[in-house]
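# Pasting the sequence and the predicted coordinates here, then a few questions.
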Amino acid sequence: MSIYLIASAMAATSPATPADTAPGAAIEARAEALPIYNFDSFCRKLAGGDFEKDVKCGEQEGAAYAKLEEIWASVPEARKIECHNVAYDPDTGAGSYALHLRCIEKGK
């Protein structure tokens, strides 16, 4: 599955998120929703022009998103916010579900 199809499928099924709002209190108020990250930008930068790495990164992001969907309701709100701040770059709009998941798993 292409990275673009994964991103489209996730965006179509996900509610509005902290990543879509202004920083600060809005993030805390909406932390119950799984964020929508532009992981395509994240993967392209990480892959450095290597198509195979870009595709693999997209697949890992899709898997991490699926895992986050499964566990999201059981993650404490403070941890969701902390990990969102680790996984999301507000300057570029890039984000990573894999980074968010790793952050959450380290906190358990």
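Sure, I can see it.
# need the contact list for the residue minimising distance to the centre of the chain.
The centre of the chain sits closest to Tyr97, judged by C-alpha atoms, centre = their mean, with a distance of 3.2 Å. Contacts for Tyr97 (C-beta atoms under 8 Å, 6 or more residues apart in numbering) come out as 37, 39, 61-62, 64-65, 68, 87. Yep, even glycine has a C-beta here, placed from its N, CA and C like the rest.
# can you list those residues in TSV and add secondary structure, pLDDT and distance to Asp50?
What follows is the contacts of Tyr97, written out as TSV (DSSP: H, G, I helix; E, B strand; the rest coil; pLDDT from 0 to 100; distance: C-beta to C-beta, whole Å):
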residue	secondary structure	pLDDT	distance to Asp50
Tyr37	coil	92	21
Phe39	helix	92	16
Glu61	helix	97	16
Gly62	helix	96	18
Ala64	helix	97	20
Tyr65	helix	97	22
Leu68	helix	97	26
Ala87	helix	95	22
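# quick one: which of these is nearest Glu52?
Glu61 (15.0 Å; C-beta to C-beta).
# how about low-confidence regions in the chain?
1-31, 108 (pLDDT under 70).
# Output stretch 44-60 as CSV, restricted to C-alpha atoms.
What follows is stretch 44-60, C-alpha atoms only, in CSV (Å, rounded to 0.1, in the frame of the first residue of the first chain):
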residue,chain,number,x,y,z
ARG,A,44,10.6,11.8,3.2
LYS,A,45,13.1,13.7,5.4
LEU,A,46,14.1,10.5,7.2
ALA,A,47,14.5,8.6,3.9
GLY,A,48,16.7,11.2,2.3
GLY,A,49,15.4,10.5,-1.2
ASP,A,50,15.6,6.7,-0.9
PHE,A,51,12.2,5.5,-2.2
GLU,A,52,12.5,2.1,-0.5
LYS,A,53,13.2,3.7,2.9
ASP,A,54,10.3,6.1,2.3
VAL,A,55,7.9,3.2,1.7
LYS,A,56,9.1,1.2,4.7
CYS,A,57,8.8,4.3,6.9
GLY,A,58,5.2,4.8,5.7
GLU,A,59,4.4,1.1,6.4
GLN,A,60,5.8,1.5,9.9
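# That stretch: which residues count as buried?
Within stretch 44-60, the residues that qualify as buried are 44, 46-47, 54, 57-58, 60, counting by 16 or more other C-beta atoms under 10 Å.
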